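Asker: Sequence first, then the predicted structure:
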Amino acid sequence: MSTAKKILSNTAVQVFGRAIMAGLSIVILKIISHFLSVEGYGMYTAVYEFLAFFGIAADLGLFTIAVREMSKGERDRTFIANNILGMRMSMGIIMMSLAVVAAFLIPAYEETYIPMGVAVASLSVFLAIMHGTVSSVLQVDLKMQYSTWGLVLGKVISLAWMIAVIFYFYAEAPSQAAFNQLMVAGVVGNLFSFLFTFYFVLKVQKIRPQFAKEYWKEVAITAAPYGAALILNMVYFRVSSLMLLFMNGPKELGYLGPAMRILEILNVIPVYFMNSVLPVLSRALREGSGKAERIVQLAFNFLFMAALPMTMGLYILAYPIIFLITQPEFLSQLDKGIYGSDYALQILVLAMFFMFLNSTFNYSLIAVGKQAHLLWINGSAALINIALNLYMIPRFGFRGTAWTGVFIEFFILVASYAVARRYIHYRFDVWALVKTACAGLLMGAAVYYLKDPTYHLWGLQNLNVLVLSIGGAAFYGALLYLFGAIPEEFRKKIDEKLA
């Protein structure tokens, strides 16, 4: 199998698994938003937003660094994997313990469900960290299907637990106990995912925690700049939610929450894709074959091609999407001056578009070992984000937070491109991007003009989103092929299949 085909196959299985998980997550969002209301869902969101800070500090970028180091082939893979496992396990225990203590000390969390929710959900986050660690072994060999199916089955278990909690054990009304059980559902699901994936990792490579102090020191020095950059990335990405919670209360965060959840589901696509590209790009740079520039160009084209239709589709269909996955109280009522989650989604899809594109340049810097530059890029973004939110939140609430996110992602895109270009001298395939943009605009126009007619088709009403999404994706794919926007390497494969 060719390298390009391996990358796409590895990415495709992860995206397919993520699509299943996205569907399950939407069901979870629907039942939880119904059970907890806007304010309760705001507290549910706050728990995971809070833990995300500590989770990324425990990660320190070690998954990506481990993939890069094992791909180089300069050291024994088992030694690397064992020590990375030992490091992340230790860091996970320390950071989750700190998170629990901190949650009970924050005055704004008093008399809310949040502190106990953090205490329970910290176990879920720890297990997710461990799952990601052992998955790095599979990522190097581009065999992430086992990790993906572990995540899918774990999500099914979590959903089943939540359904039992909401519709059977605590059907009367939400309470602290019911809220805690929703967190327990995540723990049980992540435990299954970790054990399932670990079983298949052992078939590829024996792995156990190892504590080689000298190697830990070496990896810590290598990972520190990228880890700090990831922490700052989390600050600029997550701090807005916590500032919104502290300044305007859980209800405002409740409106922002569904839109953020949709973007979190979709934003794993560039992460999965670039994690698949990273081992190949690292080897191409080491060999000096000149392939690295083409790999980066193809990666950018692919992410542009993937981001554009999703951005347009989510913007056009924001209202019916939010209607389907939440409750009417989450929707905008502009005649009453009320802005809802659909309005937040229309803004945040622009941030998603820029986030897809800047993934190319962030991972390029990691591949050439220049991840230290991400430190000042993300640090600047974090400071700008805090300053803008201090101004925007009191005046515009969650809308100000959403627009701040768009500006920050655009800033990171420009900065990371400018820096990455110093080390990998690639060129944009402008003509391919123009053809892709034309295909996206035509698809967007078709979806926009068919939105109202399909509402009454077969009594679908807002379920017309499903028809428009599938039809729009097929129309977009056909246009890409007809316009010749698909790269030659992949177009030949398609032609062979059609022949």
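Answerer: Received it, and whenever you're ready, just let me know what you need. Numbers count the residues shown, from 1 in each chain.
Asker: so where do the helices sit in the stretch 101-250 of the chain?
Answerer: With DSSP state H, counting those that start in this stretch applied, the stretch 101-250 of the chain shows helices at 114-140, 145-164, 176-204, 213-248, 250-266, listed in chain order.
Asker: T311 and M355: what is the separation?
Answerer: When C-beta to C-beta, to the nearest Å is the yardstick, T311 and M355 sit 11 Å from each other. C-beta coordinates here come from the backbone N, C-alpha and C atoms, glycine included.
Asker: ok, those two, which is more surrounded?
Answerer: In this comparison of T311 against M355, neighbours counted by other C-beta atoms under 10 Å, the higher total goes to M355 at 26 against 20.
Asker: separation between that one and L345?
Answerer: To L345, M355 is 15 Å away according to C-beta to C-beta.
Asker: Could you check the pLDDT of S71?
Answerer: Among the per-residue scores, S71 shows a pLDDT of 60.
Asker: I figured I26 was touching I322, is that so?
Answerer: No. Here I26 lies out of contact with I322, judged by C-beta atoms under 8 Å, at a distance of 10.9 Å.
Asker: Which of these two has more residues huddled nearby?
Answerer: Just comparing I26 and I322: by other C-beta under 10 Å the higher neighbour count belongs to I322, 28 against 18.
Asker: Skipping adjacent residues, who's closest to the more buried one in space?
Answerer: The shortest distance from I322 to any residue that is not its chain neighbour, by C-beta to C-beta, 6 or more residues apart in numbering, is 4.2 Å, and that residue is D342.
Asker: Run a quick check on the one you found versus A318, I expect a contact.
Answerer: Yes. Under the contact definition of C-beta under 8 Å, D342 touches A318, with a separation of 4.3 Å.
Asker: where does this structure dip in pLDDT?
Answerer: Low-confidence segments of the chain, defined by pLDDT under 70, span residues 1-15, 60-77, 136-144, 172, 222-237, 288-290, 487-499.
Asker: Kindly list the longest helix within it.
Answerer: In the chain, with assignment by DSSP state H, the single longest helix is helix 3-59.
Asker: quick one, that helix and helix 114-140 angle?
Answerer: Compare the direction of helix 3-59 with that of helix 114-140 by axes from the mean of the first three to the mean of the last three C-alpha atoms, to 10 degrees and you get 150 degrees.
Asker: Direction-wise, compare helix 3-59 with helix 250-266 and give the angle.
Answerer: 150 degrees.
Asker: Next, the angle from helix 3-59 to helix 145-164.
Answerer: Relative orientation of helix 3-59 versus helix 145-164 (the same axes, to 10 degrees): 50 degrees.
Asker: Now render the helices of the stretch 101-250 of the chain as JSON lines, adding distance to E49.
Answerer: Written out in JSON lines, the entries for the helices of the stretch 101-250 of the chain read as follows (distance: least, C-beta to C-beta, whole Å):
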{"stretch": "helix 114-140", "distance to E49": "10"}
{"stretch": "helix 145-164", "distance to E49": "18"}
{"stretch": "helix 176-204", "distance to E49": "14"}
{"stretch": "helix 213-248", "distance to E49": "4"}
{"stretch": "helix 250-266", "distance to E49": "8"}
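Asker: Out of the ones you listed, flag the one nearest H425.
Answerer: When these are ranked by proximity to H425, the top entry is helix 213-248, at 22.5 Å, counting by C-beta to C-beta.
Asker: Can you give me the distance of the residue lying closest to A128 once chain neighbours are set aside to V165?
Answerer: If the residues on either side of it in the chain are set aside, A128 comes closest to N190, at 5.4 Å by C-beta to C-beta, 6+ apart. Computed with C-beta to C-beta, the distance linking N190 and V165 is 16 Å.
Asker: Comparing these two, which residue is more hemmed in?
Answerer: When neighbours are counted by other C-beta under 10 Å, N190 comes out ahead of the other of N190 and V165, with 26 against 23.
Asker: Name all residues that make contact with the more buried one.
Answerer: N190 makes contact with 123-124, 127-128, 131, 154, 158 under the criterion C-beta atoms under 8 Å, 6 or more residues apart in numbering.
Asker: out of the residues you listed, who's nearest F16?
Answerer: G154 (16.0 Å).
Asker: Counting neighbours, what do you get for that closest one?
Answerer: The number of residues packed near G154 is 26, by other C-beta under 10 Å.
Asker: For the remainder of this discussion, apply numbering that starts at 488.
Answerer: All right, first residue 488 from here; so that's G641.
Asker: what's the nearest residue to it if we skip its chain neighbours?
Answerer: Leaving aside its sequence neighbours, G641 is closest to S680 (3.3 Å, by C-beta to C-beta, 6+ apart).
Asker: how many neighbours does that neighbour have?
Answerer: For S680, the number of neighbouring residues by other C-beta under 10 Å comes to 26.
Asker: That one touches L640, doesn't it?
Answerer: Yes. Judged on C-beta under 8 Å, S680 makes contact with L640 at a distance of 7.1 Å.
Asker: still on that earlier bit, which element is the residue nearest to I809 on?
Answerer: Assigned by DSSP states H and E, D829 falls within helix 828-854.
Asker: Keeping just the C-alphas, turn the strand or helix carrying N865 into PDB.
Answerer: Secondary-structure element containing N865, defined by DSSP H and E: helix 860-883. Included here for helix 860-883 are C-alpha records, laid out as PDB according to Å, rounded to 0.1, in the frame of the first residue of the first chain:
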ATOM      1  CA  HIS A 860       8.100  28.700  18.100                       C
ATOM      2  CA  LEU A 861       4.600  27.600  19.000                       C
ATOM      3  CA  LEU A 862       5.300  28.800  22.500                       C
ATOM      4  CA  TRP A 863       5.400  32.500  21.600                       C
ATOM      5  CA  ILE A 864       2.600  32.100  19.000                       C
ATOM      6  CA  ASN A 865       0.200  30.500  21.400                       C
ATOM      7  CA  GLY A 866       1.400  32.700  24.300                       C
ATOM      8  CA  SER A 867       0.600  35.800  22.200                       C
ATOM      9  CA  ALA A 868      -2.800  34.300  21.300                       C
ATOM     10  CA  ALA A 869      -3.600  33.600  25.000                       C
ATOM     11  CA  LEU A 870      -2.800  37.200  26.100                       C
ATOM     12  CA  ILE A 871      -4.800  38.700  23.200                       C
ATOM     13  CA  ASN A 872      -7.700  36.400  23.900                       C
ATOM     14  CA  ILE A 873      -7.900  37.300  27.600                       C
ATOM     15  CA  ALA A 874      -7.700  41.000  26.800                       C
ATOM     16  CA  LEU A 875     -10.400  40.800  24.100                       C
ATOM     17  CA  ASN A 876     -12.700  38.800  26.300                       C
ATOM     18  CA  LEU A 877     -12.400  41.300  29.200                       C
ATOM     19  CA  TYR A 878     -13.800  43.800  26.800                       C
ATOM     20  CA  MET A 879     -16.200  41.700  24.800                       C
ATOM     21  CA  ILE A 880     -17.900  39.600  27.400                       C
ATOM     22  CA  PRO A 881     -19.500  42.400  29.500                       C
ATOM     23  CA  ARG A 882     -20.800  44.000  26.300                       C
ATOM     24  CA  PHE A 883     -21.800  41.000  24.100                       C
END
